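Student: heads up, no residue letters with this:
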């Protein structure tokens, strides 16, 4: 397992989990700025097949603004990437880049505060996935 991501496993289909992740992100105040369908992209570009996988670029504008005010270069690691990946028909992994690593990149108390807020919200999002039946 990665040490730079926060992860949970859902015992639901990929399609159901993606929908749950979208709702859970919205519940935590995040919108989705970008969406990259990795399986479709790799099929189109390399003619290879991988299990369904999407990268959602999640953003909470107030947090992004605070981080940018503290360190404009932090934009290089925005938005928060949320990966939803099918393992099999009824198992899906959800991973997010751990915002604590963003805080490590910028030596700023303001960025650390933003990262802590984002981490708490993203952890809540992941935990909510295991609570829904």
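Tutor: Arrived safely, thanks for sending. Every value quoted in this text rests on a predicted model; they were computed, and no experiment measured them.

Student: can you pull the buried residues of the helix ranked longest in the chain?
Tutor: Taking DSSP state H as the criterion, the chain has its longest helix at helix 109-131. Buried positions in helix 109-131, judged by neighbour count with 16 or more other CB atoms under 10 Å: 111-112, 114-115, 117-119, 121-123, 125-126, 128-129. (Glycine included, C-beta is placed from N, CA and C.)

Student: which residues of the protein fall in strands?
Tutor: Taking DSSP state E as the criterion, the chain contains strands spanning 5-10, 31-37, 53-59, 80-88, 91-97.

Student: follow-up on the earlier one: now what about the longest helix of the chain, what contacts it?
Tutor: Applying CB atoms under 8 Å, 6 or more residues apart in numbering, the external contacts of helix 109-131 come out as 6-8, 10, 17, 20-21, 24-25, 27-30, 58, 60, 63, 66-67, 69-71, 74, 80, 82, 94, 96, 98-100, 102-103, 105.

Student: and the direction of it versus that of strand 53-59, what angle?
Tutor: In terms of direction (axes from the mean of the first three to the mean of the last three CA atoms, to 10 degrees), helix 109-131 departs from strand 53-59 by 130 degrees.
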